[in-house]
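Q: sequence unknown, structure follows:
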């Protein structure tokens, strides 16, 4: 009986998705840049961070660690750099968001590419990597 319902559901989904009017809908999207991540230790600008720890805690966006290629790109022979700074983007109703830095050496070690999730107790981070290889620790960021 379950297989029968599954086949019906698959058929209905296919019919809906193959409808030309469904595929031609245009949904409006407006994008804007509210702010930029501040530069980390030894940087004058922030080219962006990959694999940073990120999550929301008490209406504040927390960004920590991460990696990038601050000099040359990897295909030009650039070396990946890992960070341990923590930044918080505080949101206040009626005001522009404000970045607060906890300092360039706020994490115990450089860290990027960890699994992270927001919880009521803080942003949980597990694992990751840095210039020494795989990191097997976990912590709560608040």
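A: Right, received. Where do you want to start? Computed from a prediction, not measured in an experiment: that's the story for all the values here. Numbering: from 1, shown residues only.
Q: Count residues in the vicinity of residue 89, would you?
A: Summarising burial for residue 89: neighbours were counted as other Cβ atoms under 10 Å, giving 19. Quick note: C-beta positions are derived from backbone N, CA and C, even for glycine.
Q: and if you look at residue 101?
A: Other residues lying near residue 101 total 14 when counted by other Cβ under 10 Å.
Q: With residue 40 instead?
A: By other Cβ under 10 Å, the burial measure for residue 40, its neighbour count, is 21.
Q: Are we agreed that residue 56 is in a strand?
A: Yes: secondary structure assignment (DSSP: H, G, I helix; E, B strand; the rest coil) places residue 56 inside a strand.
Q: Contacts only, for it.
A: For residue 56, the set of contacting residues under the criterion of Cβ atoms under 8 Å, 6 or more residues apart in numbering consists of 62, 118, 123.
Q: Which secondary structure element of the chain has the lowest mean pLDDT?
A: Ranking every helix and strand in the chain by mean pLDDT, DSSP states H and E puts helix 20-23 at the bottom, with a mean of 56.
Q: give me the beta-bridge partners of the spatially most central residue of the chain?
A: When Cα atoms, centre = their mean is applied to the chain, the residue found nearest the centroid is residue 54 (5.1 Å). Legend: beta-bridge partners of residue 54 under DSSP bridges are residue 63.
Q: Next: residue 86.
A: Note on residue 86: beta-bridge partners residue 64, residue 103, judged by DSSP bridges.
Q: What distance do you get for it to residue 142?
A: As judged by Cβ to Cβ, to the nearest Å, residue 86 and residue 142 stand 10 Å apart.
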